[in-house]
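1. Sequence below, structure please.
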Amino acid sequence: MAEMDTSSKDTGKKGPGVKKGKKMSTRVDLTPMVDLGFLLITFFMFTTTMSQPTSMNLKMPDDNANTKEQNVKQSGAMTIWLGDKNRLYYYDGELKADLSNVQMSDFKAIRQVILDKKAVTPPDDLFMIVMPGNNSTYKNIIDILDEFSIDVVERYALVNKVDTGYSANINKMDAIADQAGK
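-> Next up is the predicted model:
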């Protein structure tokens, strides 16, 4: 609160022989500001200790394992392409040249696709391959890895751009989806 000192007696007369009135002094009480400062300090201390950084656990291969070549059964392999506009394209086994076995999905429906694949594939044969496209986002990659974690898919690979052929296929599928209005 602000306080004003009004202890001087001023009669309001002017002229010779009249003493000038004392100037009134103002004093600001800073007690509420101190309370506010302590509240802010307490708030920020609690919020910084309560919000712990989150991270994702990735399944990494053993250091001793042969990482150059890993054979995967085509019957257990599913490849997921990450396209633009949060689109997913997937196919089982080997890719056909005419892309007839590629199906489109989104992040809401991919869980059921993964669970269906898990139901018909022996656990040791199940392998998911993720190929991000040129227009996919980092969020798309995190979302699909989260989905693997939720669906308990333990064997997967995140493939960097091995060749430009699959990127062209993703772009072709994106163009088809754009024409279809999906």
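2. longest helix in this structure, by residue count?
-> helix 31-50 (DSSP state H).
3. Just list what it packs against, helices and strands only.
-> Contacting helix 31-50 under the criterion 3 or more C-beta pairs under 8 Å, 6 or more residues apart in numbering; DSSP states H and E is no other helix or strand. Where C-beta positions appear, they are placed from N, C-alpha and C, glycine not excepted.
4. Now tell me what touches the following helix or strand past that helix from outside.
-> Sequence order places strand 77-82 as the next helix or strand after helix 31-50, per DSSP states H and E. Outside strand 77-82, the residues that touch it by C-beta atoms under 8 Å, 6 or more residues apart in numbering are 88-93, 95, 102, 110, 114, 117, 126-133, 136, 140-141, 144, 166, 169-170, 173.
5. which ones among those residues are found in strands?
-> Leu88, Tyr89, Tyr90, Tyr91, Asp92, Phe127, Met128, Ile129, Val130, Met131, Pro132 (DSSP state E).
6. quick one: which two of those are the most distant?
-> The most widely separated members of those are Asp92 and Pro132, with 19.3 Å between them, by C-beta to C-beta.
7. So between the two, which is more surrounded?
-> Pro132 (21 against 17; other C-beta atoms under 10 Å).
8. Disregarding residues adjacent in the polypeptide, which is nearest to the more buried one?
-> Leaving aside its sequence neighbours, Pro132 sits nearest to Leu82 (C-beta to C-beta, 6 or more residues apart in numbering; 4.4 Å).
9. any idea how far Asn86 is from the residue most central in space within the chain?
-> What sits nearest the mean C-alpha location of the chain, by C-alpha atoms, centre = their mean, is Lys139, with 5.5 Å. Distance, Lys139 to Asn86, using C-beta to C-beta, to the nearest Å: 8 Å.
10. before we move on, back to that, narrow the contacts of strand 77-82 to just the buried residues.
-> 88-92, 95, 102, 110, 114, 117, 126-133, 136, 140, 144, 166, 169-170, 173 (16 or more other C-beta atoms under 10 Å).
11. tell me, how many neighbours does Met78 end up with?
-> 21.
12. That one pairs with what?
-> Note on Met78: beta-bridge partners Asp92, Met128, judged by DSSP bridges.
13. pLDDT score assigned to it?
-> Turning to Met78, the model gives it a pLDDT of 91.
14. The chain should start at 7 in everything you say after this.
-> Sounds good: first residue 7 from here, last item Met84.
15. Can you give me the distance of it to Met134?
-> For Met84, the distance to Met134 - C-beta to C-beta - is 5 Å.
16. Same check on Arg161?
-> 7 Å.
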